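Asks: compute the structure for the input listed below.
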Amino acid sequence: MHSSLWFASCVAALQPPAARPVAPPTRLHAVAPESQWQWQDNKIRYASEGPADGTPVLFLHGFGSSLETYRDNAPALAQAGYRCHRLDLLGLGLSEKAPGPYSIGRWRQQAAAFLEANAGGKPAILVGNSIGSLVSLDVAAKRPELVKGLILNNCAGGMNSKFAVTDPAVSEPSRAVGAVFFAVLDFLLGIKPLARSLFDSVRARENVEAVLKQVYTNSERADAVIVDSTLEPAEDPAALDVFVEILSGDPGPRPDEVMGAVTCPIHCLWGRNDQITPLDGTGGRYFQGLAAEGRVSLTLVDAGHVPHDDVPDEANADYLAWLKSI
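Replies: Just a heads-up that it's a prediction; the model follows:
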């Protein structure tokens with residue numbers, strides 16, 4: 001499993017579900033004042049804080065997540081003098097659930113356009129988690145003039161786990177099995193009643209709470225704010241279509257296919273206990289190899305897939321120490 005919370009939820013929901021209602025979440029409020037930005041006729045939610053003349057920092061979340069996941073990171077960096085922007089990716093969080101297709105490239109274009117509109121002409125630090133890390137890498141590769149540096153938290157291997165079918169680091173038998181599995185999954189997701197049933201199981205509060213406890217090492221951090229920030233976007237009538245588009249779409253470029261074009265400094269923060277992008281998985285091994293070569297710096301922490309929210313004090317201290325070094 002590699003995408004983020006929704007993919008983990010999807011796998012859990014493949015177990016035979018009991019009939020259960022979907023409890024509506026409470027209304028979310030970002031820590032910083034929320035704003036809306038119009039991009040390609042779509043409403044995009046973001047939150048900004050920190051001095052207007054500070055170095056811009058753009059935070060990008062993962063699949064099934066939202067800007068709430070950086071609730072304790074953006075304020076800390078803003079207090080240190082950075083101009084911090086947290087962005088809900090198109091189709092996720094409380095940004096508009098636009099028609100597909102969805103791709104790493106589309107989110108790259110969104111992030112780049114946001115920086116052009118909001119970074120004051122300064123190159124920015126991009127902080128990503130899971131898919132957000134991969135989007136950040138792609139921005140740095142395709143639009144290097146916009147990026148001063150990258151902080152990658154447990155980087156995903158693709159928009160979905162289909163990347164493993166072409167990953168040379170995955171054994172040939174495993175790639176073959178994966179190709180069959182994803183072909184079957186795509187077929188099932190193409191049957192609307194089945195997709196709806198799966199989606200309703202995925203977004204059930206008890207399922208989300210159970211998965212979050214696996215995603216976080218410190219279970220108290222998987223609190224009502226994070227649970228509700230996962231549930232509320234799923235109430236949108238178009239959320240099912242986004243869910244299917246992302247799980248069945250092209251996984252996009254792998255990190256190893258993008259890294260060669262990235263020239264800015266890169267720092268990685270990785271949770272040792274991550275079960276979605278584990279240290280001993282292809283992505284974890286790849287970035288550990290880059291760290292051994294001196295291509296990136298790497299800090300390991302006792303956390304899961306969202307280390308920045310799992311252990312925010314450690315993450316913030318780590319971020320600020322690295323930022324001072326570049």
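Asks: other SSEs contacting the host helix or strand of residue 317?
Replies: Using DSSP states H and E, residue 317 falls within helix 312-325. Contact here means 3 or more Cβ pairs under 8 Å, 6 or more residues apart in numbering; DSSP states H and E; on that basis helix 312-325 packs against helix 74-79, strand 147-153, strand 266-271, strand 297-301, helix 307-310. Any C-beta I mention is one placed from the backbone N, CA and C, and that applies to glycine too.
Asks: out of those, which is closest to residue 203?
Replies: Taking Cβ to Cβ as the measure, the helices and strands packed on helix 312-325 were each checked against residue 203, and helix 307-310 came out nearest at 20.0 Å.
Asks: for the chain, which segments count as strands?
Replies: 34-39, 42-49, 56-60, 83-87, 124-129, 147-153, 266-271, 297-301 (DSSP state E).
Asks: dump the ones you listed to CSV, plus mean neighbour count.
Replies: Below are the strands of the chain laid out as CSV (neighbours: other Cβ atoms under 10 Å):
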stretch, mean neighbour count
strand 34-39, 15
strand 42-49, 20
strand 56-60, 27
strand 83-87, 27
strand 124-129, 28
strand 147-153, 25
strand 266-271, 25
strand 297-301, 17
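Asks: quick one: closest of those to residue 169.
Replies: Proximity to residue 169, assessed across those by Cβ to Cβ, is greatest for strand 266-271 (16.8 Å).
Asks: other SSEs contacting the closest one?
Replies: Contact partners of strand 266-271 among helices and strands, from 3+ Cβ pairs under 8 Å, 6+ apart: strand 147-153, helix 282-293, strand 297-301, helix 307-310, helix 312-325.
Asks: columns mean pLDDT on top of the helices and strands packed on helix 312-325, output as a markdown table?
Replies: Converted to a markdown table, the helices and strands packed on helix 312-325 look like this (pLDDT from 0 to 100):
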| stretch | mean pLDDT |
| --- | --- |
| helix 74-79 | 98 |
| strand 147-153 | 99 |
| strand 266-271 | 98 |
| strand 297-301 | 98 |
| helix 307-310 | 98 |
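Asks: shaky segments in the stretch 51-200 of the chain?
Replies: Per-residue confidence of the stretch 51-200 of the chain (counting by pLDDT under 70) places the weak regions at 160-165, 167, 170, 175-187.
Asks: looking at the helices and strands packed on helix 312-325, which is closest to residue 237?
Replies: When the helices and strands packed on helix 312-325 are ranked by proximity to residue 237, the top entry is helix 307-310, at 28.3 Å, counting by Cβ to Cβ.
Asks: now that closest one: buried residues?
Replies: Residues of helix 307-310 classed as buried by neighbour count (16 or more other Cβ atoms under 10 Å): 307-310.
Asks: stretch 217-235 too?
Replies: Under the neighbour-count criterion of 16+ other Cβ under 10 Å, stretch 217-235 has 217, 221-222, 225-234 buried.
Asks: from those residues, which land in helices?
Replies: Assignment to helices by DSSP state H places the following of the buried residues of stretch 217-235 there: 225-234.
Asks: what's the closest non-adjacent residue to residue 230?
Replies: Beyond its immediate neighbours in the sequence, the residue positioned closest to residue 230 (Cβ to Cβ, 6 or more residues apart in numbering) is residue 208, lying 5.2 Å away.
Asks: and for residue 137?
Replies: Nearest-residue entry for residue 137: residue 258, 4.8 Å, with adjacent residues in sequence omitted and distances by Cβ to Cβ, 6+ apart.
Asks: now do the helices in the stretch 51-200 of the chain.
Replies: Residue ranges of the helices in the stretch 51-200 of the chain, as given by DSSP state H, counting those that start in this stretch, are 74-79, 104-118, 131-142, 172-189, 192-202.
Asks: need the winner for burial among these.
Replies: Each of those was given a mean neighbour count from mean count of other Cβ atoms under 10 Å, and the largest, a mean of 27, is that of helix 131-142.
Asks: could you find the closest non-adjacent residue to residue 250?
Replies: Of all residues beyond its chain neighbours, the one nearest residue 250 is residue 103 (6.1 Å), with distances taken as Cβ to Cβ, 6+ apart.
Asks: mind listing what the one you found touches?
Replies: If a contact means Cβ atoms under 8 Å, 6 or more residues apart in numbering, then residue 103 has 159, 249-250, 252 as its contacts.
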